[in-house]
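Q: Fold the following and give me the result.
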Amino acid sequence: MAIAAGRLADRADLRAVAVFSMGALTIGSVAAAFAPTFGLLLAARAVGGLLGGLLFGMTGRIIVTSASPEHRGRAMSLIALLMTVGGMGMIGAGGFIMAAFDWRGLFWVLAAMAATALAALAVSVPSNGTGLPRPDRALLVDTATSGGAIAAFLLAFEYVDTDPWIALGALAASVALVTVWVRQKTSAPTVALLRSPQVSGALLSLTLLSAVTGLLNFSLPFLLTDVQGVRPELVSTVLLTFIGGVAAMTPVAGWLADRYGSGRVSLAGAGLVIVAVVPLLFVDEATGLFDLGTRIGLLGLAFGIFNSPMNAYLLDSAPAEQSGTAGAFMATTRTIGSSLGPGWRRWPGGWARRRWTATACRLGSSR
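A: Residues are numbered from 1 along each chain as shown. Below you'll find the predicted structure:
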């Protein structure tokens, strides 16, 4: 929904769409908590994701509307910090919630947080009084083609090592849907935005660096639980060191971006992320929790320098009237990147599979 929602944000009532979207997430979370079967759980999550996805298109527009250019780096740093804490922080906190409740408790926590956010959006987001727009043909086609292309692309990675023909078919479907989307007259402004070197470069950087966090979220819990036998709450504690690093550096990065330029600071942050990844390449079954937490924390510090300045750079590179679209692409690339990170492990001979699956086999043999 994100790309279509971004274009909608450029012409819609921000408050009405944001409140509707967060309300859908709240209701979807309650429905998931009550779901009696796995199929209904998936349905509740799908509906909540589709309608809640409208919120992703609002972020960029809200920032551009609410923050002046000279303060945009700090505004973006606050948003990026909360997104990181909410996204990866809840992955870490999930271990504690699961230790205290069952899986339904996760959705009750999500519902309570969504309800709180709903109240905050209702009183803080500006409104132009036009209310919710009616879905028209252009919006439906945009959603089906752009969203379908992204879903098919991610599906190709899901089956690349188990059923290559399904992966190839999904990839072909993704290309076909992108072709249809590009040829729509209503897509012309968005396509022109993507052709900007500044915007396309920023999106590529966000995708690649988000893949790093996606791989971290997936592979490290696999190592700690399946190989080292660490309890879920300890896994959460180790992963939360990343949040600590991001939290420490994100406000600093926002100030640096406003003072020295978001492009320069984000480039420096990207270099630091590459350097910080190197110690994690040598993690194995002998690595202690303190040592691992230190390495992850250093990656969080580097990522905190990169993330918010790059997001601010992306918004600055887009025309003000397309800030919603730029913000939607910002959210979309983060989603794709964080999904591709675990997907890299699925490739035959992937590094995480080679290293950690072999470790698990050695431990299993010794037992």
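Q: in this structure, which segments are predicted with low confidence?
A: Applying pLDDT under 70 to the chain flags residues 84-85, 87-92, 95, 227-228, 232-233, 341-367.
Q: Now do the buried residues in stretch 162-175.
A: Ala167, Ala170, Leu171, Ala173, Ser174 (16 or more other C-beta atoms under 10 Å). (Glycine included, C-beta is placed from N, CA and C.)
Q: Please apply the same query to stretch 59-76.
A: Result for stretch 59-76 [16+ other C-beta under 10 Å]: buried residues Thr59, Gly60, Arg61, Ile62, Ile63, Val64, Ala67, Arg72, Gly73, Arg74, Ala75, Met76.
Q: Where do the helices of the stretch 101-250 of the chain begin and end?
A: Shown for the stretch 101-250 of the chain, the helices assigned by DSSP state H, counting those that start in this stretch span residues 103-124, 137-142, 148-158, 164-182, 188-194, 197-222, 232-260.
Q: Distance to Gly304 added to those helices, as JSON lines?
A: Listed next are the helices of the stretch 101-250 of the chain as JSON lines, based on distance: least, C-beta to C-beta, whole Å:
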{"stretch": "helix 103-124", "distance to Gly304": "22"}
{"stretch": "helix 137-142", "distance to Gly304": "34"}
{"stretch": "helix 148-158", "distance to Gly304": "27"}
{"stretch": "helix 164-182", "distance to Gly304": "33"}
{"stretch": "helix 188-194", "distance to Gly304": "27"}
{"stretch": "helix 197-222", "distance to Gly304": "12"}
{"stretch": "helix 232-260", "distance to Gly304": "3"}
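Q: Can you tell me which of those is nearest to Val19?
A: helix 103-124 (5.4 Å; C-beta to C-beta).
Q: Just the CA atoms of the closest one, as PDB, please.
A: The C-alpha trace of helix 103-124 is given here as PDB (Å, rounded to 0.1, in the frame of the first residue of the first chain):
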ATOM      1  CA  TRP A 103       1.600 -15.200  21.400                       C
ATOM      2  CA  ARG A 104      -1.700 -13.500  21.800                       C
ATOM      3  CA  GLY A 105      -0.100 -11.100  24.300                       C
ATOM      4  CA  LEU A 106       2.000  -9.700  21.500                       C
ATOM      5  CA  PHE A 107      -1.100  -8.600  19.700                       C
ATOM      6  CA  TRP A 108      -2.700  -7.100  22.800                       C
ATOM      7  CA  VAL A 109       0.400  -5.000  23.300                       C
ATOM      8  CA  LEU A 110       0.300  -4.000  19.700                       C
ATOM      9  CA  ALA A 111      -3.300  -3.000  20.000                       C
ATOM     10  CA  ALA A 112      -2.700  -0.900  23.100                       C
ATOM     11  CA  MET A 113       0.200   0.900  21.400                       C
ATOM     12  CA  ALA A 114      -1.900   1.500  18.200                       C
ATOM     13  CA  ALA A 115      -4.800   2.900  20.200                       C
ATOM     14  CA  THR A 116      -2.400   5.300  22.000                       C
ATOM     15  CA  ALA A 117      -0.900   6.400  18.600                       C
ATOM     16  CA  LEU A 118      -4.500   6.800  17.200                       C
ATOM     17  CA  ALA A 119      -5.300   9.300  20.000                       C
ATOM     18  CA  ALA A 120      -2.000  11.200  19.400                       C
ATOM     19  CA  LEU A 121      -2.600  11.400  15.600                       C
ATOM     20  CA  ALA A 122      -6.100  12.700  16.100                       C
ATOM     21  CA  VAL A 123      -4.800  15.700  18.100                       C
ATOM     22  CA  SER A 124      -1.500  16.400  16.400                       C
END
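Q: So which residues make contact with that helix?
A: 15, 18-19, 22-23, 25-26, 29-30, 32-33, 94, 97-98, 101 (C-beta atoms under 8 Å, 6 or more residues apart in numbering).
Q: Compare these and tell me which has the most neighbours.
A: Ala18 (27 neighbours; other C-beta atoms under 10 Å).
Q: which SS state does it fall under?
A: helix (DSSP: H, G, I helix; E, B strand; the rest coil).
Q: Now for it: which residues touch it?
A: By C-beta under 8 Å, 6+ apart, Ala18 lies in contact with Leu54, Leu55, Met58, Ile62, Leu121, Val125.
Q: and with 10 Å instead?
A: Shown in contact with Ala18 (C-beta atoms under 10 Å, 6 or more residues apart in numbering): 9, 12, 54-55, 57-59, 61-62, 117-118, 120-122, 124-125, 127.
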